[in-house]
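In: Generate coordinates for the sequence data below:
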Amino acid sequence: MLKPGAIFIAFCMTAVVASVATILVVGLGMRLPLALAGGVGGVALIALVNHLASRATTGRQPNVRFFELEERISLIAERVLALEPRILRVDAAAQETARRTAAPLEKEIAELGSLVRMIAETVEQHDRAIADLPARQAAWNISQSGPLPELPRDDEEEMDEEEAFIAQAQAKAPAIDPGKAKQIRRAIESDGIELHLQPVAALPQRRVIQYLAVPYMRDQDVLIPPGEFVLDARLGGLQPALDAFVLDRAMRVARRLKARDRDISLMVSIEAETLMSSNFASDIAKRLDGNADLATHLVIGFSQEAFYGFGNVEAEMLSGFSERGFRFALTGVRDLDLDAASLHQLGIRFLRLGTDFLLDPERTRTSAIHPADLPGLLRRHGILLVADGADTEARVADLLDLDVRAAQGAVFGMPRPVRPEIFTGEEGAPAAKTGARGVPAPAAPPATADRGNPVRPFRSVARRA
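Out: Got it, this is the predicted structure:
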C-alpha cells in the first residue's frame, strides 16, 4: 500500500516536470516532447544532486560520532586513573585499621599462650616431683643414716618394681655436700668454669668433624674434671646455671668456627633439669633463637634416659629448636631398642655410644640389634653413630670392622682448653696468654694426669642425667 508521503512526492515531481515543460514550450518555443524530456531530465538531475548531498552528509555523521565516542572513552579512562589511587588508599586504610585492631588481640593471645605453657610446665614439674618424692626421701634418709644392710635374697625377689627402684636409689644415692655446692656456684659466678674441646674424628680418614664441649672447674691452680663436680651441681640445683654458662661459651666457639668457614660442629650437653626449669629453659630458648645462624655449627646433646623422659613441654621446645635448624645428639646410649626413623623425625642426627658397650660380646647376644648392623641402620635414617672412648688403636680397628664412621677418644686427642681471647673478643692474642691463666698443657692436665681418660666420668654423668 502506497504511503501518502510517496504519493505527494510523485505529485510534486509531476508538477515540476509539467512546469519545466511549459516554460520550455512557451518561453523557448520548443516542441512538447522535447520539453517533457527536458522536464524529466531536470527532475532526475535534481534527484541525483539530492542523493549525492544526502550521501555526503550520511558519511560525515559516523566520523563525528566516532570522535565523540573517543572523547568519552578518554574521559572515562582519566576518571578510572584518578579513582585507582583512591581505591588503594581506602584498601590501605582498611588494612591498617584491621592491623591495629588485631594487634592487641594477638598480644593477648600470645600472653595467654605463655601463661598456659607456664602452667603446664609447673604442673608437670609438680607431677614429677611428687612421683620422685618417695625415692628422694629414701635416698636422703639413707645418706644421713649410712648404708642399709643387704636384703635377703628371698625378700629381694618378692619386691615389686617400685620397691626395687626405691631400694636401688637408697643404695646408690650420694649425700649432698653443701661446701661443694658453694664452690661450684662461686666458680660459675666468677668465671671459674673453663671450656675444653675434645675432637671427634671421621673414620678411617681421622679428619676432625666435631668437637665435644667438656666443662672443667678451676680451683686455684687445679683443674677439676666434670666427673667430680657435675653430680654435685645437679644435687645442689646448679645444673641449669652450669648448662647456661657452658652453652654461652659454646656459642662463642661455634661463632668462631662459623667465622672461619669451617665445616666442624660443636656438641654441648644440656641436662633434663635445665629444660624442666622454666626460667633457664626460656633463657636458653631466647639464646638459641637469637643465634639461629649457628644451627649448622652447634649440636645440642641429651642423654638417652633424659630424652626418653621428656614430657610434652620439653618435646615442644625441642621441636621449635629443630624447626630453626638445630640438630640433636643422643648421648649415653645403653638401650639399643631404637626407632631410627622416629629419632630422625625428632631432630636426632648423632648417636653417641660407648666403645666398651659397642664391643661387648655379652651385649651382642642380648641387644635388640647386632652392633654390626647398628651403624648402617642409623646412616639410612640420617643419623651418625659416634663411638665414645676409643682409647687404643686396637679399639679403632675393631670399630672399623663394624663400619663405624666416627669416634672419639684418647687416640684422636684429649680435651684441650679454649683460648681466653675467644671469649674476651681479643684477636691475635699470643698463645702464651693461655698459660698466664694457669691453664695446663693440653696433653697433660695436672689434676687429671693420674685418672686416665677424663671424659669417662663426664660420660657416665650424662648417662645418669
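
In: So, low pLDDT: which residues of the stretch 151-300 of the chain?
Out: Applying pLDDT under 70 to the stretch 151-300 of the chain flags residues 151-177.

In: Tell me which stretches of it form helices.
Out: 153-158, 161-172, 178-189, 230-235, 239-259, 272-276, 278-290 (DSSP state H, counting those that start in this stretch).

In: Pull out the buried residues from stretch 311-325.
Out: G311, V313, E314, M317, L318, F321, S322 (16 or more other C-beta atoms under 10 Å). Glycine gets a C-beta too; all of them are placed from N, C-alpha and C.

In: quick one: contacts for L378?
Out: Residues in contact with L378, defined by C-beta atoms under 8 Å, 6 or more residues apart in numbering, are L338, A340, L351, L384, L385.

In: How much space separates it from R334?
Out: Distance, L378 to R334, by C-beta to C-beta, to the nearest Å: 16 Å.

In: Then F350?
Out: The gap separating F350 from R334 is 16 Å, by C-beta to C-beta.

In: Could you check which of those two is surrounded by more residues?
Out: The residue with more neighbours, out of F350 and R334, is F350; 21 against 13, by other C-beta atoms under 10 Å.

In: Look up the pLDDT of the nearest residue to the more buried one once chain neighbours are set aside for me, please.
Out: Among residues not flanking F350 along the chain, A329 sits closest, at 3.8 Å (C-beta to C-beta, 6 or more residues apart in numbering). Note for A329: predicted pLDDT of 95.

In: do the one 4 residues further on as well
Out: V333 carries a pLDDT value of 89.

In: need the contact list for it.
Out: Contact analysis of V333 by C-beta under 8 Å, 6+ apart lists Q304, L351, R352, L353, G354, F357.

In: wait, D391 sits on G413?
Out: No. Judged on C-beta atoms under 8 Å, D391 makes no contact with G413 at a distance of 11.5 Å.

In: Quick check: phi and psi on the residue nearest to the spatial centre of the chain?
Out: The chain has R324 as the residue nearest its centroid, 1.4 Å off, counting by C-alpha atoms, centre = their mean. Torsion angles at R324 (phi, psi; degrees, to the nearest 10) stand at phi -80, psi 0.

In: now it: how far from D289?
Out: For R324, the distance to D289 equals 7 Å [C-beta to C-beta].

In: Excluding chain neighbours, what is closest to the residue nearest to the centre of the chain?
Out: Using C-beta to C-beta, 6+ apart and skipping residues adjacent in sequence, the residue nearest R324 is A292, 4.7 Å away.

In: ok, now which ones touch that neighbour?
Out: Going by C-beta under 8 Å, 6+ apart, A292 touches R324, G325, F326.

In: Would you mind putting the residues you listed into a markdown table with pLDDT and distance to S282 alongside?
Out: Formatted as a markdown table, the contacts of A292 follow (pLDDT from 0 to 100; distance: C-beta to C-beta, whole Å):
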| residue | pLDDT | distance to S282 |
| --- | --- | --- |
| R324 | 87 | 15 |
| G325 | 90 | 20 |
| F326 | 92 | 16 |
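
In: thinking again about what came up before, sitting in strands, which of the contacts of V333 do you find?
Out: Of the contacts of V333, the ones assigned to strands by DSSP state E are L351, R352, L353, G354.

In: Quick one: residues contacting the third one.
Out: Yep, that's L353 we're talking about. L353 neighbours (C-beta under 8 Å, 6+ apart): V333, L374, L385, V386, A387, D388.

In: Scan those and report the most crowded one.
Out: A387 (28 neighbours).

In: Verify the assumption that it is located in a helix.
Out: No. Looking at A387 with DSSP: H, G, I helix; E, B strand; the rest coil, it is strand, so not inside a helix.

In: Can you add distance to V418 and give the contacts of L353 back as CSV?
Out: Output for the contacts of L353, formatted as CSV (distance: C-beta to C-beta, whole Å):
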residue, distance to V418
V333, 27
L374, 32
L385, 27
V386, 21
A387, 24
D388, 21
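
In: Show me the domain layout of the chain.
Out: Domain ranges of the chain: 1-127, 178-464, per automatic domain parsing.

In: what residues does stretch 191-202 touch?
Out: Stretch 191-202 is contacted by residues 186-187, 207-219, 223, 242, 245-246, 249-250, 253, 266-267, 386, 405-408, 412-418, 439, 455 when judged by C-beta under 8 Å, 6+ apart.

In: Report the separation between F423 and M13.
Out: Distance, F423 to M13, by C-beta to C-beta: 119 Å.

In: Against which helices or strands is the longest strand along the chain packed?
Out: The residue-count maximum for a strand in the chain (DSSP E) belongs to strand 207-219. Applying 3 or more C-beta pairs under 8 Å, 6 or more residues apart in numbering; DSSP states H and E, we find strand 207-219 packed against helix 178-189, strand 193-202, strand 222-224, helix 239-259, strand 265-269, strand 406-408, helix 455-464.

In: Sweet, I'm off.
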